[in-house]
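Student: A predicted structure for the sequence below; I have some questions about it.
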Amino acid sequence: MAEEAHAEGGLSFHPMDQFIVKPLFGEAGDPVGMLTITNSTLWMALAVLCVIGLFVLGTRGRAIIPSRTQSVAELAYGFVYKMVEDVTGKDGVKYFPYIFTLFLFILFANFLALIPTSFSPTSHIAVTAVLAFAVFFAVTILGFVKNGTAFLGLFWVSSAPLVLRPILAVIEIISYFVRPVSHSIRLAGNIMAGHAVLKVFAGFAAITAIAPLSILGIVAIYGLEVLVAGIQAYVFTILTCVYLKDALHPSH
């Protein structure tokens with residue numbers, strides 16, 4: 001159908017093709033296994049290398065008057081550190097390295113995905129679910145280790161009327177186990193939607209009559225996606241801090 005439309009002079013583009021995971025080596029259409037190096041693998045590795053480049057190579061001088069790279073690294077460090085301290089309190093600061101690593105990986109993966117012809121790992125539930133479930137299991141285990149059975153106080157709303165407490169407890173339990181689902185879908189959905197819209201506008205740019213409007217749309221959506229890339233990394237991180245706070249201080 002798409003080939004026929006293209007042959008007749010119609011518009012033929014597939015906005016979702018950009019999210020297909022493909023092997024980097026071998027023939028097109030080869031199956032993707034657990035150990036296959038894919039385009040997703042490549043761009044996640046590049047995100048990790050960018051983090052290393054910024055915080056290892058960029059700050060190795062540790063100058064009193066910082067360079068631009070060192071200033072960016074220090075600002076990012078201070079921003080996330082203050083977030084962790086404000087949300088979780090002093091008890092949560094010891095978990096700052098893990099939270100900071102999550103923030104940086106998501107941030108760089110999101111921004112690298114804005115490069116034309118790149119790939120967006122965080123648009124895939126397979127990636128974001130691993131990050132979200134890692135947070136979920138970590139804070140749950142931490143909650144029981146730190147508080148024992150008192151961690152279950154997170155689900156018992158003692159300030160509510162007694163007759164409502166069992167009902168609220170069920171709601172709290174359901175909402176707790178839904179956390180990793182919403183945590184992962186929020187990130188993947190926002191990234192995927194933005195990139196799909198960009199591809200749609202880019203496809204319409206091939207039509208001469210509406211090309212100027214399409215190009216303006218691309219510029220506007222791209223600017224919005226730059227904001228979304230940073231905001232989604234921030235949202236994922238601050239929700240992680242909120243979940244960590246619940247694990248450290250579970251009582252209502």
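Tutor: That came in fine, so what should we check first? Just so it is clear, the model here is predicted, and its values are computed rather than measured.

Student: could I get stretch 131-149 in PDB with only the CA atoms?
Tutor: The C-alpha atoms that make up stretch 131-149 are tabulated as PDB, following Å, rounded to 0.1, in the frame of the first residue of the first chain:
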ATOM      1  CA  LEU A 131      15.300   1.500  35.300                       C
ATOM      2  CA  ALA A 132      11.900   1.800  37.000                       C
ATOM      3  CA  PHE A 133      11.800  -1.700  38.400                       C
ATOM      4  CA  ALA A 134      15.400  -1.300  39.600                       C
ATOM      5  CA  VAL A 135      14.200   1.700  41.600                       C
ATOM      6  CA  PHE A 136      11.100  -0.100  42.800                       C
ATOM      7  CA  PHE A 137      12.900  -3.200  44.100                       C
ATOM      8  CA  ALA A 138      15.700  -1.200  45.600                       C
ATOM      9  CA  VAL A 139      13.500   1.100  47.600                       C
ATOM     10  CA  THR A 140      11.200  -1.800  48.700                       C
ATOM     11  CA  ILE A 141      14.100  -3.900  49.900                       C
ATOM     12  CA  LEU A 142      15.600  -0.800  51.600                       C
ATOM     13  CA  GLY A 143      12.300   0.000  53.200                       C
ATOM     14  CA  PHE A 144      12.100  -3.500  54.900                       C
ATOM     15  CA  VAL A 145      15.800  -3.500  55.800                       C
ATOM     16  CA  LYS A 146      15.600   0.000  57.400                       C
ATOM     17  CA  ASN A 147      12.200  -0.300  59.100                       C
ATOM     18  CA  GLY A 148      11.300  -4.000  59.200                       C
ATOM     19  CA  THR A 149       7.500  -4.600  59.300                       C
END
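
Student: residues contacting that stretch, please?
Tutor: 98, 102, 105-106, 151, 153-154, 179-181, 183-184, 187, 236, 240, 243-244, 246-248, 250 (Cβ atoms under 8 Å, 6 or more residues apart in numbering). Yep, even glycine has a C-beta here, placed from its N, CA and C like the rest.

Student: of the residues you listed, which belong to helices?
Tutor: Using DSSP state H, the subset of the contacts of stretch 131-149 located in helices is 98, 102, 105-106, 179-181, 183-184, 187, 236, 240, 243-244, 246-248.

Student: restrict the residues you listed to the buried ones and give me that as a PyMOL selection.
Tutor: Applying 16 or more other Cβ atoms under 10 Å to the ones in helices among the contacts of stretch 131-149, the buried members can be selected in PyMOL as follows:
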select buried, resi 102+105+106+179+180+183+184+187+236+240+243+244+246+247+248
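
Student: ranges for the helices of the protein?
Tutor: Using DSSP H, helices in the chain cover 2-7, 39-52, 68-88, 96-112, 125-147, 165-204, 211-248.

Student: buried deepest among those, which one?
Tutor: Mean neighbour count (mean count of other Cβ atoms under 10 Å) peaks for helix 96-112 among these, with a mean of 20.

Student: show me what it is packed against.
Tutor: helix 39-52, helix 68-88, helix 125-147, helix 211-248 (3 or more Cβ pairs under 8 Å, 6 or more residues apart in numbering; DSSP states H and E).

Student: turn those into a markdown table, columns for distance to residue 168 and mean pLDDT.
Tutor: Listed next are the helices and strands packed on helix 96-112 as a markdown table, based on distance: least, Cβ to Cβ, whole Å; pLDDT from 0 to 100:
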| stretch | distance to residue 168 | mean pLDDT |
| --- | --- | --- |
| helix 39-52 | 40 | 94 |
| helix 68-88 | 23 | 92 |
| helix 125-147 | 19 | 95 |
| helix 211-248 | 15 | 93 |
